[in-house]
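**Student:** fold the following for me, if possible:
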Amino acid sequence: MSDKTIDESKIKQEYEKLKNQLKLWSRQYYYEDQPSVEDSVYDQNYRSLQDLEYKYPNLITSDSPTQNVGSRTLPGFDKVRHDVPMLSLGDVFSKEELSNFMDNLNNNYPSISEYNCELKIDGLAISLLYKNGNLVQGSTRGNGFMGEDITENLKTIKSIPHKLNRSIDIEVRGECYMPKASFVNLNKRREHDGKSTFANPRNAAAGSLRQLDSSVTASRNLSTFMYNVADYNDLKTNTQSGLLNELNNLGFKINPTYEVVKNMSDVDHYIDKYTDERDELSYGIDGIVIKENNLSLQKDIGNTVKVPKWAIAFKFPPEEVETKLNDIEWTVGRTGVVTPTAIMDTVKLAGTTVSKASLHNPDYLNEKAIRIGDTVKLHKAGDIIPEISEYIASKRPSNSKPYEIPNKCPSCGDKLVHLDDEVALRCINPKCPAQLTEQINHFASRNAMNIDGLGPKIVQQLFDKGLLNDTASLYNLNREELETLDKFGTKSATNLLTAIDNSRTNSMERLLFGLGIRHVGSKAAKLISEHFKNMDSLMSSNIDDISSIDSIGNTIAQSIVTYFNNSEARKLIDEFKSLGINMNYNGNDIEPNVLQNSIFNNKTIVLTGKLSRMSRPKASEWLENHGAKVTGSVSKSTDILIAGADAGSKLSKAEKYDVSIWNEDQFIDEMNNNE
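**Tutor:** Numbering: from 1, shown residues only. You can find the predicted model right below:
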């Protein structure tokens with residue numbers, strides 16, 4: 001075998017390895033919304049692949065990442081064909097490369113007189129189709145030629161108009177993104193719930209749009225910036241900057257920072273301006289987009305199979321600093337989730353001083369393989385959250401030892417558990433001091449033991465004075481102790497003691513929900529209590545016994561069994577028993593003949609909008625007590641939608657499925673008839 005053949009074989013192996021690695025990273029980024037490497041690492045390897053293909057064009061295959069636009073379509077959504085392909089943008093990573101791109105374009109098309117600069121929004125490309133001014137379809141870019149139909153999800157986004165200011169047929173394209181504040185709040189909620197966090201706002205937005213339940217999308221507070229159309233012939237403009245103004249007039253949200261420029265010097269100034277202001281923006285950007293401004297000329301210049309030749313994206317270089325990891329602290333959240341935090345030497349990063357970074361959960365910590373004493377690279381995920389990207393192996397101390405994940409709660413010392421459906425470690429000790437005040441607040445809440453007058457401020461005072469050490473100790477409070485609280489007189493103390501005493505006779509499901517067992521909501525608590533009838537029977541059951549109940553899955557069953565296997569949980573139940581707390585299911589308060597005659601019996605009902613005469617939880621409880629099944633989403637099996645003020649997408653869906661729609665007055669009238 002000749003040396004040339006050996007070299008060709010090595011080059012082909014290198015090409016296949018690089019191509020497959022990029023395909024894996026691309027799938028994680030686009031399809032799973034959980035990237036495993038930073039954008040800069042992907043970009044660097046992508047450029048290496050491009051260089052190989054430039055030198056050895058015979059290597060290029062149709063499945064190469066350089067030949068594809070973006071992500072593939074997902075199962076669970078109808079497919080949408082893009083008659084005009086949704087192309088991605090070519091990238092450059094230095095001002096020198098950008099200047100060369102503009103010089104080449106100007107040399108080939110001397111009639112170019114101006115460019116339009118726009119911010120490159122860190123989001124997900126979407127397409128909105130309007131007929132006669134009405135939104136009829138929304139979709140993702142997908143692979144550029146075929147996307148997913150996510151119309152119902154997009155309709156929940158407030159910045160997307162359902163009806164335009166003009167009755168025209170038009171396909172508008174742009175970016176759906178998650179504001180920085182929404183991203184931070186979402187990750188806090190996910191970490192609080194023991195779930196994995198999103199790596200950046202772009203992946204959070206993608207994961208939110210690809211929900212089969214549109215109510216999840218609605219809760220994520222997404223927004224959009226629209227910047228392009230499939231065909232501009234019906235618009236009164238011939239420039240990209242004018243197109244943005246036209247979209248604004250039609251009712252779309254556009255990014256107002258665009259700027260028409262003449263040359264590279266102007267572009268350079270624009271880049272510098274938004275490099276400095278990037279951290280102050282309420283949304284994430286990862287670069288600047290430069291477009292030839294004349295729409296007719298754009299059409300003449302044309303596209304490659306993947307990118308337009310009249311536009312380019314300048315990508316910001318990643319800002320990364322080195323610092324030393326001094327310690328890893330574990331803190332207990334209010335629901336028992338135990339979270340690791342990196343304690344580091346203080347450094348300046350992206351305009352802020354940083355000395356801590358969340359390590360999220362044990363899986364994340366093990367994946368990074370970092371150790372105390374390591375020198376690590378630090379960046380801001382999505383320009384927001386400090387995050388360690390990797391340790392520097394060459395700077396690892398010789399006496400370094402692998403970091404051991406703790407197995408005991410840092411607050412109470414109880415054994416930590418790792419539930420099957422969670423990435424987080426959790427302390428399930430009901431007497432853990434770090435969780436106690438929140439547990440008591442939940443225990444006293446309306447859907448649990450319903451102790452009227454026991455709010456968070458009073459609970460905190462009781463805890464600070466050492467009058468509470470668990471939920472059971474509520475029942476040992478006396479009037480003299482309560483009168484020591486701020487603004488608490490004899491009457492207030494008497495009323496609260498009466499409310500506490502009344503809660504002793506609550507039905508079992510209220511106590512079960514009040515225990516705060518992971519995944520056990522008020523509806524699940526009622527179904528379980530109805531089945532087992534008393535707490536002892538439930539405590540002696542196994543996972544199969546519990547999961548056999550209709551609508552109760554393995555996750556809830558495992559969580560209950562795990563909770564009652566804890567010795568402190570069983571001691572707490574014994575305390576409740578000794579204090580006279582009811583352990584039995586009291587049954588439905590409605591007489592069988594009344595239930596049988598109820599118009600709501602065996603009906604599937606959805607509540608939406610704002611009710612003015614009662615709360616939605618109260619309405620749900622009343623409906624369930626009168627035989628109804630109350631669900632959170634509209635489907636073909638829904639019998640009645642009760643719509644209050646500002647009803648949104650559920651009302652539209654109910655109309656689509658021809659569901660019976662009631663207003664609040666109708667509902668109240670039928671309630672009175674049933675009574």
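
**Student:** may I ask which helix or strand encompasses Q50?
**Tutor:** helix 39-55 (DSSP states H and E).

**Student:** name the next helix or strand downstream of that helix, please.
**Tutor:** Taking DSSP H and E, what comes next after helix 39-55 is strand 79-81.

**Student:** show me what counts as buried in that next one.
**Tutor:** Buried positions in strand 79-81, judged by neighbour count with 16 or more other CB atoms under 10 Å: V80. Heads up, the C-betas are built off the backbone N, CA and C, glycines and all.

**Student:** now tell me what touches stretch 408-419 from outside.
**Tutor:** 194, 330-332, 338, 362, 406-407, 424-429, 431-435, 518, 558-559, 562, 566, 568 (CB atoms under 8 Å, 6 or more residues apart in numbering).

**Student:** ok, longest helix in this protein?
**Tutor:** Counting by DSSP state H, the longest helix found in the chain is helix 3-26.

**Student:** now the helix holding Q50: mean pLDDT?
**Tutor:** For helix 39-55, mean pLDDT rounds to 71.

**Student:** related to what we said a few turns ago, among the contacts of stretch 408-419, which ones are buried?
**Tutor:** 194, 330, 332, 338, 362, 424-429, 431-432, 434-435, 518, 558-559, 562, 566.

**Student:** if we can go back for a sec, looking at the contacts of stretch 408-419, which are in strands?
**Tutor:** Counting by DSSP state E, the contacts of stretch 408-419 place W330, T331, V332, V338, L425, R426 in strands.

**Student:** right, and out of the residues you listed, which lies closest to N584?
**Tutor:** Ranked by distance to N584 (CB to CB), the ones in strands among the contacts of stretch 408-419 are led by R426 at 29.3 Å.

**Student:** that closest one touches V338, doesn't it?
**Tutor:** Yes. With contact defined as CB atoms under 8 Å, R426 counts as touching V338 (6.6 Å).

**Student:** what about stretch 291-300, how long is it end to end?
**Tutor:** 14 Å (CA to CA, to the nearest Å).

**Student:** what comes up buried for it?
**Tutor:** K291, E292, N293, N294, L295, L297, Q298.

**Student:** just to be sure, the first one is in a strand?
**Tutor:** Okay, so that is K291. Yes. K291: assigned to a strand according to DSSP: H, G, I helix; E, B strand; the rest coil.

**Student:** roughly how far apart are it and S113?
**Tutor:** 13 Å (CB to CB, to the nearest Å).

**Student:** for the fifth one, same thing?
**Tutor:** Taking CB to CB as the measure, L295 and S113 are separated by 13 Å.

**Student:** got any ranges where the stretch 251-400 of the chain has weak pLDDT?
**Tutor:** Applying pLDDT under 70 to the stretch 251-400 of the chain picks out residues 351, 382-383.

**Student:** got it, and the stretch 501-650 of the chain?
**Tutor:** 588-597.

**Student:** could you pull out the strands in it for me?
**Tutor:** 604-608, 629-631, 640-643 (DSSP state E, counting those that start in this stretch).

**Student:** ok, now the stretch 301-450 of the chain?
**Tutor:** Under DSSP E, counting those that start in this stretch, the stretch 301-450 of the chain gives strands at 311-315, 321-332, 337-349, 352-358, 375-381, 385-391, 425-426.

**Student:** packing partners of the third one?
**Tutor:** Judged by 3 or more CB pairs under 8 Å, 6 or more residues apart in numbering; DSSP states H and E, strand 337-349 is in contact with helix 180-192, strand 321-332, strand 352-358, strand 375-381, strand 425-426.

**Student:** most neighbours per residue, which of those?
**Tutor:** strand 425-426 (a mean of 22; mean count of other CB atoms under 10 Å).

**Student:** care to break the protein down by domain?
**Tutor:** 3-67, 79-315, 321-395, 436-578, 592-674 (automatic domain parsing).

**Student:** quick one: the helices in the stretch 151-300 of the chain?
**Tutor:** 151-154, 180-192, 201-209, 214-219, 240-250, 264-277, 295-301 (DSSP state H, counting those that start in this stretch).

**Student:** what ranges does the stretch 401-550 of the chain have for its helices?
**Tutor:** Under DSSP H, counting those that start in this stretch, the stretch 401-550 of the chain gives helices at 436-444, 456-464, 479-482, 490-502, 508-514, 522-532, 535-539, 543-547.

**Student:** most tightly packed of those helices?
**Tutor:** Highest mean neighbour count among these (mean count of other CB under 10 Å): helix 508-514, a mean of 24.

**Student:** how about residues contacting that one?
**Tutor:** So helix 508-514 is contacted by 442-445, 447-450, 471, 503, 520-522, 525-526, 528-530, 533-535, 538, 576, 581-586 (CB under 8 Å, 6+ apart).

**Student:** if you set the cut-off to 7 Å instead, what comes out?
**Tutor:** 442-443, 447-450, 520-522, 525-526, 528-529, 534-535, 581-585 (CB atoms under 7 Å, 6 or more residues apart in numbering).

**Student:** and V337, bridged to which residues?
**Tutor:** On the basis of DSSP bridges, V337 is bridged to R426.

**Student:** that one and S400, how far apart?
**Tutor:** For V337, the distance to S400 equals 28 Å [CB to CB].

**Student:** which one's more surrounded, those two?
**Tutor:** V337 (22 against 12; other CB atoms under 10 Å).

**Student:** what sits against that one?
**Tutor:** V337 sits in contact with E191, H192, G194, A424, R426, where contact means CB under 7 Å, 6+ apart.

**Student:** what about it, distance to A525?
**Tutor:** For V337, the distance to A525 - CB to CB - is 21 Å.

**Student:** next: T156.
**Tutor:** Relative to A525, and taking CB to CB, T156 is found at 29 Å.

**Student:** so what's I556 up against?
**Tutor:** H519, V520, A524.

**Student:** wait, doesn't E664 sit right on G644?
**Tutor:** Yes. Between E664 and G644 there is a contact under CB atoms under 7 Å: 5.5 Å.

**Student:** what do these two both touch?
**Tutor:** L611.

**Student:** please convert the strands of the stretch 301-450 of the chain to TSV, extending it with distance to V606.
**Tutor:** Shown next, in TSV, are those (distance: least, CB to CB, whole Å):
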stretch	distance to V606
strand 311-315	43
strand 321-332	37
strand 337-349	31
strand 352-358	37
strand 375-381	37
strand 385-391	36
strand 425-426	32
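
**Student:** my read is W662 is in a helix, agree?
**Tutor:** No. Looking at W662 with three-state DSSP, it is strand, so not inside a helix.

**Student:** who does the closest residue to it other than its chain neighbours bridge with?
**Tutor:** Spatial nearest neighbour of W662, chain neighbours left out: I642 (5.0 Å); criterion: CB to CB, 6 or more residues apart in numbering. Counting by DSSP bridges, I642 is bridged to L607, W662.

**Student:** can you count the residues close to I642?
**Tutor:** Burial of I642 is recorded as 25 neighbouring residues (other CB under 10 Å).

**Student:** that one touches D665, doesn't it?
**Tutor:** No. With contact defined as CB under 7 Å, I642 does not reach D665; the gap is 10.5 Å.
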